[in-house]
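Participant: model this:
(one chain, ligands or ions: 2)
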Amino acid sequence: MLIVMKADATDAQVAHVCDVVTELGFKPHPMPGATRTAIGVTGNQGAVDPTRFETLPGVAEAIRVSKPYKLITLDLRPDKTIVRVGDATIGGDELAIIAGPCAIESRAQAFAVAEGVRRSGARFFRGGAYKPRTSPYAFQGLGEEGLKILAEVREAYGLKIVTEALDESGVDLVEKYADMIQIGARNMQNFTLLRRAGKSRLPVLLKRGLSATLDEWLLAAEYIMSEGNYQIVMCERGIRTFAQHTRNTLDLSAIPAVRRISHLPVIVDPSHGTGKNYMVTPLARAGVAVGADGLIIEVHDRPDHALCDGAQALTLAQYEQLVTEVRAIHEVLAPTPVG
Ligand code: PEP
Ligand code: MN
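Facilitator: Ligands and ions are numbered 1, 2, ... in the order given. Here you go, the predicted model:
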């Protein structure tokens, strides 16, 4: 159910509708927009009678939602969501750049990379403290020690920290040290983790699962939103196909596809999307050209010594060049008004 309020509905009328929804045992999700507020209703297993709401003061109409997702859609919120991380944004006019190493390996490594990331003008620093590795014998990350280094980077450079939580207790720790929770491709359908992230005050970067359809990915975002966290950024990071020339196949068609259905910002990860250093910049350019709100890029001060994903890591010089190129493309797409 979607309840659309009249353009001139008062805050008190919106609050009253939310109370009625709650009294019926459902959960209201009010979404203020530029022209009107809509209230998504979740928690109902079957259909709800729209007439129950249509007579309430300030309500324009109540619409049954037949699609599987109710909250992530443009029907609920026609304006694009701008995810705010302190004073930095994703989904606004600025191209968001999240850059850093795959894994935090040491304080010296993190600071060397962060220095370059800060210099590029990017607002976000990435780096895994907990790594979801295919092999149990591969480097698993520094754990809480890595999070402490990330917190130091935040302090020293003013960068917003994006880092992965592998499980629910990981979310508690990320909340303590970082600014944005990354949910990795392998965890996209970890429903208890999604629900926990939905209860967090931090925004969530939701990567697309390795074999996830568009609907499955959007429904994963719906899980988070249904718990009350509306600050979600979708991230296309490549999917498994028969292609052998890349680590994954970066599905850039997902960007306009998400945009057509959802108000959530969507970014591109050309690092995991290709797995190859020489492909990262061309695919980053393509990602911005296709309309992504930002990029997440793996950078290392010494890629040949990286403990994780070295083959796809850019050097600091390559990264700097990438930023110059993608900014130029973004400017052409969204020229700032003159005068
Ligand atoms: C990562 O960002 O380093 C990572 C593990 O990503 P993904 O979940 O997309 O594989
Ligand atoms: Mn990685």
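Participant: Contact residues of the stretch 201-339 of the chain facing ligand 2?
Facilitator: When proximity is defined by CB under 5 Å from the ion, the stretch 201-339 of the chain lies next to ligand 2 at Asp309. Placement of C-beta: from N, CA and C, glycine included.
Participant: hmm, 6 Å instead?
Facilitator: By CB under 6 Å from the ion, the part of the stretch 201-339 of the chain that sits against ligand 2 consists of His272, Glu298, Cys308, Asp309.
Participant: Pull the number of nearby residues for the closest residue to Asp269 other than its chain neighbours.
Facilitator: Distances taken as CB to CB, 6 or more residues apart in numbering put Arg237 closest to Asp269, at 3.9 Å, once the chain neighbours are dropped. Arg237 has 23 neighbours, counted by other CB atoms under 10 Å.
Participant: What of Glu331?
Facilitator: 11.
Participant: do Ile224 as well
Facilitator: Count around Ile224 with other CB under 10 Å applied: 27.
Participant: Quick check, the residue in the stretch 51-200 of the chain closest to ligand 2?
Facilitator: Cys102 (3.3 Å; CB to the ion).
Participant: number of nearby residues for that residue?
Facilitator: Cys102, neighbours per other CB under 10 Å, totals 24.
Participant: From ligand 1, how far out is it?
Facilitator: 5 Å (CB to the nearest ligand atom, to the nearest Å).
Participant: close enough to count as contact, that residue and Pro303?
Facilitator: No - contact between Cys102 and Pro303 fails when scored by CB atoms under 8 Å: they sit 10.0 Å apart.
Participant: which residues touch the closest residue to Gly100 other than its chain neighbours?
Facilitator: Distance criterion CB to CB, 6+ apart; nearest residue to Gly100, sequence neighbours excluded, is Arg126 at 4.0 Å. Arg126 makes contacts with Ile98, Ala99, Gly100, Pro101, Val162, Thr163, Gln182, Ile296, Glu298, as judged by CB atoms under 8 Å, 6 or more residues apart in numbering.
Participant: what's the pLDDT at the residue in the stretch 201-339 of the chain positioned nearest to ligand 1?
Facilitator: Relative to ligand 1, the nearest point of the stretch 201-339 of the chain is Arg237 (3.9 Å; CB to the nearest ligand atom). Arg237 carries a pLDDT score of 98 in this model.
Participant: And Ser66, by the same measure?
Facilitator: The model's pLDDT for Ser66 equals 82.
Participant: Could you do the one 5 residues further on as well?
Facilitator: Among the per-residue scores, Leu71 holds a pLDDT of 97.
Participant: now the one 10 residues further on
Facilitator: If you check Thr81, the pLDDT there is 97.
Participant: does it count as helix, strand or coil?
Facilitator: At Thr81 the chain is in coil, as set by DSSP: H, G, I helix; E, B strand; the rest coil.
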